[in-house]
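Student: the following block contains a protein sequence and its predicted model.
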Amino acid sequence: MENADATAGRINEWIEANEPVFVTSHLDADGLSAAGIIGSALARRNTPIHLRITRQLDQIYLAELAANGPGRYVFCDLGSGQLHHIKEALEKWEVVILDHHPPSGNKVPPNIRQFNPHEFGFDGTFEISGAGTAYLVARHLGGSNEDLAALAVVGALGDIQDRGKQHDLVGLNKEIIVEDAKAAGVVDRSIDMRIFGRETRPIHVALQYCSDPYIPGISNDPEGALNFLADLDIELREGDEWRTFASLSKDEKRQLNTSLITYMLKKNIPPHEAQSLIGVVFTLTQEEKGSYLRDARMFATLLNSTGRSNQGGIGVAICMGDRRALYRKAENILKEYREQLALGLQWLTADSEAVTARKLLQTFHAQNRIPDTIVGSIAGMALNSRILDWSKPVVAFVYSRDGRVKVSARTTQPIVEAGADLGKAMRLAAEEIGSGSEGGGHNIAAGATIPRGQEERFLQIIEHILRKQLGRMKVAEGVGKNSENEETIK
Ligand SMILES: [Mn+2]
């Protein structure tokens, strides 16, 4: 907290100078939430802001940024892993980094101030997000910013940090951020069906929003969902109106939940995943009922869709309060994004040659079939819903718009606990490939960019690294291993 306060002190000096601040943030839901938090905090102090959203912080981007001339720069949800590039490009300017990715370990020069939970013994993979670090600093920026904790909850869920029991947030997310958000009256935490629209949408519509777990034949498939429901002994309409989850009796809820679990088990989704449909939900109580923004996980999905379609500015505008034209635009972006995810998953399901199994991993190459911004999401969803083999990490390739190859790697918690660190593997493999390759990320989800034609060599290097990592069989200390009693729907 002292460090957060000191970091805020640096930004406060800039606010008092009344010069524009250049904010750069990452294009995923966490990055956009972080930008929304810092953007709001600065706007509340009437500080002019320039905001840019980027997929990665490479030398080209930094050179463009430095060309803005003397400046004050904030990096959110990225920067710690690219400290060496920032040092080089912005050595004359003032920089603040608010990040939760593992720091590169390079020495931080005096013109840069880095706020990163890893430096204080917290694990940024699941204890706090980029939005969380931005919030801890915004809290000390003057004015009352506690309401922005809601965005930090959204960011944490966007980064899939709900790895506690029943998909609860843990660590700093739980102890500080959720508590602040509750105290500010902006977030309510409860146990319920973890399905968007449980209060407002017809049951079959709500069911098709289900993406965690992704249920083949129901997710993204309202007709399939309707067919599934038709077999149950539940009245779906009341007069002319469709009923909602919230309107179901306890017995009906139980019947629906049991049938869903049975259905998922038949689809090879393992029991603990199938049962995870009931869990912790976070409601943004100030948002309208029926709005995508009322459910924190759906809010994150909406933000993600704007970023992944290169319209992250719209996501940040929503974080900063727009509920009109840009929110409407985002609704359409979300619809298209969901369609693209569904198409990608369909391809992996239907084409038996799409995925190649190797000894320690599995891989697919989407070439130009999938937008390069969503291939990681597809890989993750396919893994978690068992469209892919759950026992191996997946390494996915796609041609990126700049003529190179984008790599996305995803794995599961048990494999991380067995010692796998994909972020490290991606970084080392990219270094070995060279020619401007870059890689990094979290142990469970990571990415890289490499030249075309290097895919096979990259896989071989990754396999070599994985063999070493898994050979060590280091046992991680438990997230969600504590056996407290489960909470149930109230
Ligand atoms: Mn993040």
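Tutor: Ah, there it is.
Student: return the residues of the protein in contact with the ion.
Tutor: The interface of the chain toward the ion, taken as Cβ under 5 Å from the ion, is made up of 30, 77, 130, 159. Backbone N, C-alpha and C define where each C-beta goes, glycine included.
Student: list just the nearest of these to residue 288.
Tutor: residue 30 (23.8 Å; Cβ to Cβ).
Student: what's the helix or strand for that closest one?
Tutor: Secondary structure assignment for residue 30, by DSSP states H and E: helix 29-44.
Student: from memory residue 57 sits against residue 86, does it?
Tutor: Yes: at 7.4 Å, residue 57 counts as touching residue 86 under the criterion of Cβ atoms under 8 Å.
Student: so for the two, which sits in the more crowded spot?
Tutor: residue 86 (28 against 24; other Cβ atoms under 10 Å).
Student: residue 101 and residue 250: what is the separation?
Tutor: For residue 101, the distance to residue 250 equals 44 Å [Cβ to Cβ, to the nearest Å].
Student: enumerate every residue touching the residue of the stretch 101-250 of the chain found nearest the ion.
Tutor: Nearest residue of the stretch 101-250 of the chain to the ion (Cβ to the ion) works out as residue 130 at 3.8 Å. Neighbouring residues of residue 130 by Cβ atoms under 8 Å, 6 or more residues apart in numbering: 25-26, 30-31, 33-34, 76-78, 98-101, 155, 159.
Student: kindly report the same for residue 215.
Tutor: 207, 260, 263-264, 267, 269, 385.
Student: at 7 Å instead, please
Tutor: By Cβ atoms under 7 Å, 6 or more residues apart in numbering, the residues touching residue 215 are 264, 267.
Student: what about the residue lying closest to residue 344 once chain neighbours are set aside, helix or strand, and which?
Tutor: Spatially, and ignoring its direct neighbours in sequence, residue 344 is nearest to residue 378 (4.0 Å; Cβ to Cβ, 6 or more residues apart in numbering). For residue 378, the host element (DSSP H and E) is helix 375-384.
Student: could you do residue 390 as well?
Tutor: Residue-wise, residue 390 maps onto no helix or strand under DSSP H and E.
Student: please renumber so the chain begins at 46
Tutor: All right, first residue 46 from here; so that's residue 435.
Student: contacting residues around whichever residue of the stretch 46-195 of the chain sits closest to the ion?
Tutor: Distances between the stretch 46-195 of the chain and the ion by Cβ to the ion are smallest at residue 75, namely 3.4 Å. By Cβ under 7 Å, 6+ apart, residue 75 lies in contact with 122, 174-176, 200, 203-204.
Student: mind checking the longest helix of the protein?
Tutor: The helix that spans the most residues within the chain, counting by DSSP state H, is helix 370-395.
Student: which strands or helices does that helix pack on?
Tutor: helix 341-353, helix 357-364, helix 420-429 (3 or more Cβ pairs under 7 Å, 6 or more residues apart in numbering; DSSP states H and E).
Student: distance from it to the middle of the chain?
Tutor: Centroid separation between helix 370-395 and its chain, computed with Cα atoms, centre = their mean, to the nearest Å, is 16 Å.
Student: what's the separation between residue 412 and residue 255?
Tutor: Distance of residue 412 to residue 255, given as Cβ to Cβ: 29 Å.
Student: my bad, residue 369
Tutor: Distance from residue 369 to residue 255, by Cβ to Cβ: 29 Å.
Student: residue 413 too?
Tutor: 29 Å.
Student: residue 349 too?
Tutor: 16 Å.
Student: so which of these two has more stuff around it?
Tutor: Neighbour count, other Cβ under 10 Å: between residue 349 and residue 255, residue 349 has more, with 25 against 20.
Student: which non-adjacent residue is nearest the more buried one?
Tutor: residue 74 (4.3 Å).
Student: burial count for the one you found?
Tutor: Residues near residue 74, counting by other Cβ under 10 Å, number 34.
Student: so who does it touch?
Tutor: 199-200, 203, 345, 348-349, 352.
Student: okay, and for the stretch 246-395 of the chain, where does confidence drop off?
Tutor: Scanning the stretch 246-395 of the chain for pLDDT under 70 picks out no residues.
Student: any idea how this protein splits into domains?
Tutor: Per the record, the chain has its domains at 47-231, 238-356+377-387, 396-514, by automatic domain parsing.
Student: the ones you listed: lowest mean pLDDT?
Tutor: If the domains of the chain are sorted by mean pLDDT, domain 238-356+377-387 sits at the bottom with a mean of 90.
Student: first-to-last residue distance for that one?
Tutor: 22 Å (Cα to Cα, to the nearest Å).
Student: distance between that domain and the chain's centre?
Tutor: 19 Å.
Student: right, I'll leave it there.
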